[in-house]
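Engineer: Everything below, folded, please.
(2 chains)
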Amino acid sequence: MATKSMSDVLARDVAYSGEGISVRSLEESIHQERTVQDSKVSELKGLRERNVEIQTAMTEELQKLRKFSDYIDGTATKQGFWAGFKEVLSYIPGLKSIAISQRSIEELLKQQYQVSARRVKEAAEYCDILKQSEQELYTEINRINGKIVEAAQNEKVALDYVLELRTMQEELEAELQALEAGSVEARKIETDMDKIRALLAQHSSNVQLYGAAEERYANLKDNTRKLAETIRNLGQDIQQYTTAASIKLDMASAQIQAIGRAADASVVMLEMKKSLDVMTESMNVTTQFVSDTQIFFRQNLDKLVEELETFDEGTSQLLDENLQASKEIEERRIQSAIDKAIKARAEGEIGGDGDAAPAS
Amino acid sequence: MAAMNELVTLHTQALRGDVVPAYLERLIKGMRRARLNNTYPDRRRIQGSLETMKLAMDAGLYEQLYVDARAGLPNMASFTRVLTDHELAAGSLSRMDDTAHYEQRRDEAEVYARLLDKRRYFEAIVDKPYAPLDEHRVQLRRHDPETGTAEFRLDLTKLDATGIYVRITIELTQVSSMWRRRVIDLDADGESAAANEAFHATVYRNASYDAEHLFIHMHDIEGVSVDRVQRGVIGPVMFALPAADEPGGLVVQAEPERGNARLAHAWRRWLETNSPSEPELVMSFQSDIAARDVREEKSNDPLEDLLSASIQDSERARYAHTREQFPFRVFKDRKFVVTAGTEPLVKAICQAAGTKNLIYKLR
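Structural biologist: Numbers count the residues shown, from 1 in each chain, chains lettered A, B, ... in the order given. This next block holds a predicted model:
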């Protein structure tokens, strides 16, 4: 083997892209990526809590609207229309125990319309939050993809170098066989072989770390994509529901205005019932959505969190194993050095010419 | 473009595209120009709502602006949007990322650009005044516990079912010894008051009627002596908005005759002979007073006569008898805000009616 070629290989500054890798840095990097997922899951949990609040409020309002509508229809009262109507009014905030003649129906309808419009808008606010989360997760997937490619490239660089070193090691071993043991030439070759061994230890560790990183980032990407898709589906559902509810509310608003002051005259009760029914329908659609979302949250969010946690455990376990393996390699190497040192002392060769300690 | 002249639901048109800012800008300027005093609904708050609508449409938060096809003003759905946006603004802002975050990412994805617009919209409206759909207040003007007499001012602002904004101020005296339990209740220290539900509902239900009608109706309530009824009305508004993307296309309100028949008739005729190339508007602001201290019964409103002038002969005797019982006179007036193209129309209307009205021109 040409001396120049060997010294070139041994002195080569192997160019890995990125910031370099160690068990700790890989763990930190994975942890950092997981933080993004965690924050999105937290947002979903926050939405779930807010969902419960809105659902409770809407269920109450829907009950009021239904009763209101039923009594106007005259179908749900045993004591006649007016008795029923008074009872219904008692469900509306601030209207307990007052007679029908004492409140304007038009005013009540407008107030209820405003409450309904607010509820639908509150639900629609989810859409923007979810769309932003989805976008952030796709940005994250792009970043993870970059890391996967980088890890794969670095693994290849490490493998190529390890193979080169291995070939060189075999060549040196063959050369050593032909030399007299303990001769100057043999000592020089042994020195180079030690350097190769040290480099092999270092770069074979990199092969392992970059390989693990590639695999873990790929898993992380799958989970991130799953989370993004979940969020997108939820956002699309919300948009569909709230658009339908808004259209119905717009119609209800026109009907309330069209009925106007006549709303207080019994002749237009049928018209008024129509506007109430439309408003009820709108609230119904929104409540149905909120309710479905509850089921969605129950079925998907917990499962997702569980999967992510399992992934966490898996990742930690792999990282632990890797850490353990690295320690063992290190220990073997140190032990090997110690063995060699003990052996050298026994043979009186410590400090002998060309006896190089392995680079660490 | 003709689609915008058609109803999307009862008495409702949906305006889209370039005509929306043109329409809202002129309404906003018109509100400022009209010099409305406290007879009318609070100008600042209605203007605030119109400005908020414009901000929302500019930010692309809504696809269309709903307009009342009779009154020519944004309808209840549009005014409610402003209200609910105000109710949700603070909460939404607290949940959103800061402006810099969206600015940095606005080119990355459409959602960031939209959220940036939304954030700026919420920030812009958060301290802005906005109009209520309804607002009801009662003020105690004078209270004499010895005689059991109390004078009140009742103030109701309402987006009326006819699509116009109305403010009604009623000054009345309660003379009944039972007044604490009657129309208006005083609190224990005699310093603040609230109309009872029935009285409030009576005023609310009759808000569409004129001051004369309200005076008679209120005065008829036992224990109450009405001193003054005052109405200030914003609307109706006539509009003709050239559509930029359709040569010769004009967006006009669909049901002006349901707002004010006399104005609508003149407006229709004006449209037949004019092809506006600029947005044209006529905004009207009626005031209507029935009070003891009005000197002369008169209508200076070219669009609405006094009840006494329009009543059928068969009802005249009964009407005269009713009026004899009530010590008040009526004065009606109306002022206008016009664009350059509609100024001659409004002047002609006033001339034909023999009235002298304030006509403010939009610059």
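
Engineer: and residue B:240, bridged to which residues?
Structural biologist: Partner residues in beta bridges with residue B:240, using DSSP bridges, are residue B:252, residue B:280.

Engineer: Just give me the neighbour total for the closest residue to chain A within chain B.
Structural biologist: Closest residue of chain B to chain A, C-beta to the nearest C-beta: residue B:161 (2.4 Å). C-betas here are computed from N, CA, C, even on glycine. Per other C-beta atoms under 10 Å in any protein chain shown, the neighbour tally for residue B:161 reads 22.

Engineer: I'd guessed it sits against residue A:253; true?
Structural biologist: No: in this structure residue B:161 lies outside contact range of residue A:253 using C-beta atoms under 8 Å: 11.3 Å.

Engineer: circling back: assign a three-state SS to the residue of chain B closest to chain A, would you?
Structural biologist: Assigned with DSSP: H, G, I helix; E, B strand; the rest coil, residue B:161 falls in the coil class.

Engineer: Sketch out the low-pLDDT regions of chain A for me.
Structural biologist: Along chain A, segments meeting pLDDT under 70 span A:1-4, A:23, A:48, A:50-52, A:54-103, A:258-345, A:347-360.

Engineer: so where do the helices sit in it?
Structural biologist: A:3-11, A:23-73, A:81-89, A:105-177, A:184-259, A:269-296, A:302-346 (DSSP state H).

Engineer: and the fifth one, what does it pack onto?
Structural biologist: The elements that helix A:184-259 packs onto, with contact taken as 3 or more C-beta pairs under 8 Å, 6 or more residues apart in numbering or on different chains; DSSP states H and E, are helix A:3-11, helix A:23-73, helix A:105-177, helix A:269-296, helix A:302-346, strand B:65-68, helix B:76-95.

Engineer: make it 6 Å
Structural biologist: helix A:23-73, helix A:105-177, helix A:269-296, helix A:302-346, helix B:76-95 (3 or more C-beta pairs under 6 Å, 6 or more residues apart in numbering or on different chains; DSSP states H and E).

Engineer: anything in the second one near chain B?
Structural biologist: What it means is helix A:105-177. Yes: residues of helix A:105-177 contacting chain B under C-beta under 6 Å from any C-beta of the partner chain: A:107, A:110, A:114, A:117-118, A:121, A:128, A:131-132, A:135.

Engineer: just the residues you listed now: which is nearest residue B:212?
Structural biologist: Residue B:212 lies nearest to residue A:107 out of the residues of helix A:105-177 next to chain B, by C-beta to C-beta, at 23.3 Å.

Engineer: That closest one and residue B:215: what is the separation?
Structural biologist: Look at residue A:107 and residue B:215: by C-beta to C-beta, to the nearest Å, they are 22 Å apart.

Engineer: The two: who's more crowded?
Structural biologist: With other C-beta under 10 Å as the criterion, residue A:107 and residue B:215 differ in neighbour count, and residue B:215 comes out ahead with 26 against 19.

Engineer: Mind telling me what element that one is part of?
Structural biologist: Per DSSP states H and E, residue B:215 falls inside helix B:211-219.

Engineer: next one: residue B:234
Structural biologist: Residue B:234 belongs to strand B:224-242, assigned by DSSP H and E.

Engineer: Counting by contacts, list what that strand packs against.
Structural biologist: If you count contacts as 3+ C-beta pairs under 6 Å, 6+ apart, strand B:224-242 packs onto helix B:19-33, strand B:165-174, helix B:211-219, strand B:250-252, strand B:280-291.

Engineer: Please work out the average pLDDT along the helix or strand that the first one is followed by.
Structural biologist: The one in question is helix B:19-33. Following the chain from helix B:19-33 toward its C-terminal end, the next helix or strand by DSSP H and E is helix B:43-58. Across helix B:43-58, pLDDT averages out at 96.

Engineer: So which elements touch helix B:43-58?
Structural biologist: Counting contacts by 3+ C-beta pairs under 6 Å, 6+ apart, helix B:43-58 packs against helix B:19-33, helix B:76-95, helix B:110-125.

Engineer: Contacts for it, please.
Structural biologist: By C-beta atoms under 6 Å, 6 or more residues apart in numbering or on different chains, the surrounding residues in contact with helix B:43-58 are B:20, B:24, B:27-28, B:31, B:36, B:62, B:78-79, B:82, B:121, B:124-125, B:128-131.

Engineer: what about it, distance to the chain center?
Structural biologist: 14 Å (C-alpha atoms, centre = their mean, to the nearest Å).

Engineer: now do stretch B:166-176
Structural biologist: Relative to its chain's centre, stretch B:166-176 lies at 20 Å (C-alpha atoms, centre = their mean).

Engineer: what's next to that stretch, contact-wise?
Structural biologist: Outside stretch B:166-176, the residues that touch it by C-beta under 6 Å, 6+ apart are B:40-41, B:149-158, B:160, B:182, B:207, B:223-233.

Engineer: can you give me the mean pLDDT across it?
Structural biologist: Averaging pLDDT along stretch B:166-176 yields 84.

Engineer: so what's residue B:307 up against?
Structural biologist: Residues in contact with residue B:307 (C-beta under 6 Å, 6+ apart) are residue B:212.

Engineer: can you pull the contacts of residue B:33?
Structural biologist: By C-beta under 6 Å, 6+ apart, the contact list for residue B:33 reads B:337, B:360.

Engineer: returning to that earlier point: would you mind putting the helices and strands packed on helix B:43-58 into JSON lines with mean pLDDT and distance to residue A:183 alongside?
Structural biologist: Compiled in JSON lines, the helices and strands packed on helix B:43-58 are given as follows (pLDDT from 0 to 100; distance: least, C-beta to C-beta, whole Å):
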{"stretch": "helix B:19-33", "mean pLDDT": "96", "distance to residue A:183": "95"}
{"stretch": "helix B:76-95", "mean pLDDT": "93", "distance to residue A:183": "78"}
{"stretch": "helix B:110-125", "mean pLDDT": "93", "distance to residue A:183": "72"}
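
Engineer: right, and those helices - which one's nearest residue B:239?
Structural biologist: In terms of C-beta to C-beta, the element of the helices and strands packed on helix B:43-58 nearest to residue B:239 is helix B:19-33, at 6.1 Å.

Engineer: Name the residues of that closest one that come out as buried.
Structural biologist: Residues of helix B:19-33 classed as buried: B:19-20, B:22-24, B:26-31, B:33 (neighbour count, 16 or more other C-beta atoms under 10 Å in any protein chain shown).

Engineer: Tell me the one of those nearest residue B:309?
Structural biologist: Nearest to residue B:309 out of these is residue B:30 (C-beta to C-beta; 29.2 Å).

Engineer: So the residue sitting furthest away from the middle of chain B: helix, strand or coil?
Structural biologist: Going by C-alpha atoms, centre = their mean, the residue of chain B most distant from its centre is residue B:108, 43.7 Å out. For residue B:108, the reduced secondary structure class is coil; criterion used: three-state DSSP.

Engineer: got the contact list for residue B:160?
Structural biologist: Going by C-beta under 6 Å, 6+ apart, residue B:160 touches B:166, B:207-208.

Engineer: burial count for the closest residue in space to it that isn't next to it in sequence?
Structural biologist: Closest residue to residue B:160 apart from its sequence neighbours, by C-beta to C-beta, 6 or more residues apart in numbering or on different chains: residue B:166 at 4.9 Å. Counted with other C-beta under 10 Å, the neighbours of residue B:166 add up to 21.

Engineer: Against residue B:224, how distant is residue B:166?
Structural biologist: Taking C-beta to C-beta, one finds residue B:166 at 21 Å from residue B:224.

Engineer: One more: residue B:216?
Structural biologist: Noted for residue B:216: a distance of 12 Å to residue B:224, by C-beta to C-beta.

Engineer: for chain B, what are the low-confidence residue spans?
Structural biologist: Along chain B, segments meeting pLDDT under 70 span B:1-2, B:175-198, B:220, B:222, B:247-248.
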